[in-house]
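A.B. asks: Fold the following for me, if possible:
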Amino acid sequence: MPSRTDRRDGMILQAALSDIDIDFIDGVDGKTIPDKAVPLLKPHDRLPDASIGSWRGHMNAIREIVKLKLSSALILEDDIDWDVRIKDQLYDFALSAQALAQPLEGSNQTYTDSAHSNDPEYPLTFAIPFERLPRTRPVQASPYGDNWDVLWIGHCGMSFPFKHTAVPKGSVVHRNDFTVPNRRHLWGYNEPFTLKESFQDHTSVVHHAQEGVCTFAYAVSYKGAVKMLEDVALSDMSDAFDFLLRFFCEGDRGMRAHKCLAHQPGLFFSHRPRGPLKSDSDIRDKGDGFRDKAYTDMVRLSVRLNAHAIIDGTELTDQYPDEDIL
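C.D. replies: Prediction:
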């Protein structure tokens, strides 16, 4: 929201310390959106104003991508934090995304999922080790591949594709990814939390999105933004925006399925600053408590928490050190 100058100051500082350029899209107060501007395909009650405002704010960002004909854009919530190594993380994510969304070298229509469907080494999930990525066609439009709609890389929960769904099952497993905290520091709303329960410490996985929760950060291609205007902006406003994005990706609630990739754990998380808890949210009552210590979940070398160290050129602080590992 424009009134949250504290958040804009924080985002500009983080972006500057990370050598990243950002622009702001104003948040929307749902009370200002009339009923006639909220699409309904069947009769039902209007959602809470907070949900309406969030949906409209995201749709304004999507509309701007289409209007300006941007090849892609990364949309961030305004309280987000990331790791000092974010560019390295995104580079590795790009390689993994190409493996899943880009045609294999020498082919126009053969992708990793279909190519490995009969490979006995990957009988269930077609999990490709990061160090053994397949060769794909050279990318033309984006370092993340030429055939994606959404990259859901900041969330508070994500599932691996379920066996009974049509969501592609391919994945890239990056072991010894030391930007990821020890498993005991990981959390998410989705159950089971397979990444925490079934993989070794310091593992990240890129896969097709299933049951995403929260939209801390997601990238949209131009083609994906056009599709979202049709399927989300002008379709039934029946659920909160993160659920609508889930339906968009998976092809649920009458929407077509789209090409959406996710990163577990997410690369962007909400920062919780020192101060009154009520400052955490503009749409939910967080009470009258006070937080004595700032933190960001699951981000080891937080840009926000290391701002002084980055500016002064001193040693960075790891929020989640492996003190129990010799």
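
A.B. asks: And residue 5, how close does it get to residue 57?
C.D. replies: 17 Å (CB to CB, to the nearest Å). C-beta here means a position set from N, CA and C on the backbone, and glycine is covered the same way.

A.B. asks: what about these two, which has more around it?
C.D. replies: Remark: of residue 5 and residue 57, residue 57 carries more neighbours, 20 against 9, as counted by other CB atoms under 10 Å.

A.B. asks: Report the buried residues of the helix or strand in which the more buried one is found.
C.D. replies: Assigned by DSSP states H and E, residue 57 belongs to helix 49-68. Going by neighbour count (16 or more other CB atoms under 10 Å), the buried part of helix 49-68 is 50-59, 61-62, 65-66.

A.B. asks: now swap in stretch 242-262 and tell me
C.D. replies: For stretch 242-262, the buried set under the neighbour-count rule, 16+ other CB under 10 Å, comprises 242-250, 253, 255, 257-262.

A.B. asks: Which of those fall within helices?
C.D. replies: For these, membership in helices holds for 242, 243, 244, 245, 246, 247, 248, 249, 250, with DSSP state H as the criterion.

A.B. asks: got JSON lines for the residues you listed, with pLDDT and distance to residue 177 too?
C.D. replies: Formatted as JSON lines, these follow (pLDDT from 0 to 100; distance: CB to CB, whole Å):
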{"residue": "242", "pLDDT": "95", "distance to residue 177": "25"}
{"residue": "243", "pLDDT": "96", "distance to residue 177": "29"}
{"residue": "244", "pLDDT": "96", "distance to residue 177": "30"}
{"residue": "245", "pLDDT": "97", "distance to residue 177": "25"}
{"residue": "246", "pLDDT": "96", "distance to residue 177": "25"}
{"residue": "247", "pLDDT": "95", "distance to residue 177": "30"}
{"residue": "248", "pLDDT": "96", "distance to residue 177": "28"}
{"residue": "249", "pLDDT": "96", "distance to residue 177": "24"}
{"residue": "250", "pLDDT": "95", "distance to residue 177": "26"}
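
A.B. asks: And the furthest pair within those?
C.D. replies: Spatial extent of those (CB to CB) is set by the pair 242 and 250 at 12.5 Å.

A.B. asks: Pull the number of nearby residues for residue 113.
C.D. replies: Residue 113 has 15 neighbours, counted by other CB under 10 Å.

A.B. asks: what does residue 143 give?
C.D. replies: 13.

A.B. asks: what about the spatially closest residue to it that is not a sequence neighbour, which SS state?
C.D. replies: Beyond its immediate neighbours in the sequence, the residue positioned closest to residue 143 (CB to CB, 6 or more residues apart in numbering) is residue 94, lying 4.4 Å away. Three-state assignment for residue 94 (DSSP: H, G, I helix; E, B strand; the rest coil): helix.

A.B. asks: Show the contacting residues for residue 94.
C.D. replies: Taking CB atoms under 8 Å, 6 or more residues apart in numbering as the criterion, residue 94 is in contact with 143, 144, 145.

A.B. asks: Confirm for me that residue 129 is in contact with residue 175.
C.D. replies: Yes - using CB atoms under 8 Å, residue 129 is in contact with residue 175, at 7.3 Å.

A.B. asks: what sits up against the helix holding residue 57?
C.D. replies: Contacts of helix 49-68 from elsewhere in the structure, counted by CB under 8 Å, 6+ apart, are 25-33, 38, 46-47, 70, 72-73, 75, 215, 220, 222, 225-226, 228-229, 232-233, 237, 239-241, 244, 283-284.

A.B. asks: and the closest residue to residue 93 other than its chain neighbours, what is it in contact with?
C.D. replies: Nearest residue to residue 93, sequence neighbours excluded (CB to CB, 6+ apart): residue 263, at 5.7 Å. Under the criterion of CB under 8 Å, 6+ apart, the contact list for residue 263 reads 93, 151, 152, 153, 204, 205, 206.

A.B. asks: So the fourth one, which state does it fall into?
C.D. replies: Classification of residue 153 using three-state DSSP returns strand.

A.B. asks: What does the pLDDT read for the residue nearest to residue 93?
C.D. replies: The model reports residue 263 with a pLDDT of 98.

A.B. asks: For it, give its distance to residue 227.
C.D. replies: Here residue 263 is placed at a distance of 21 Å from residue 227 (CB to CB).
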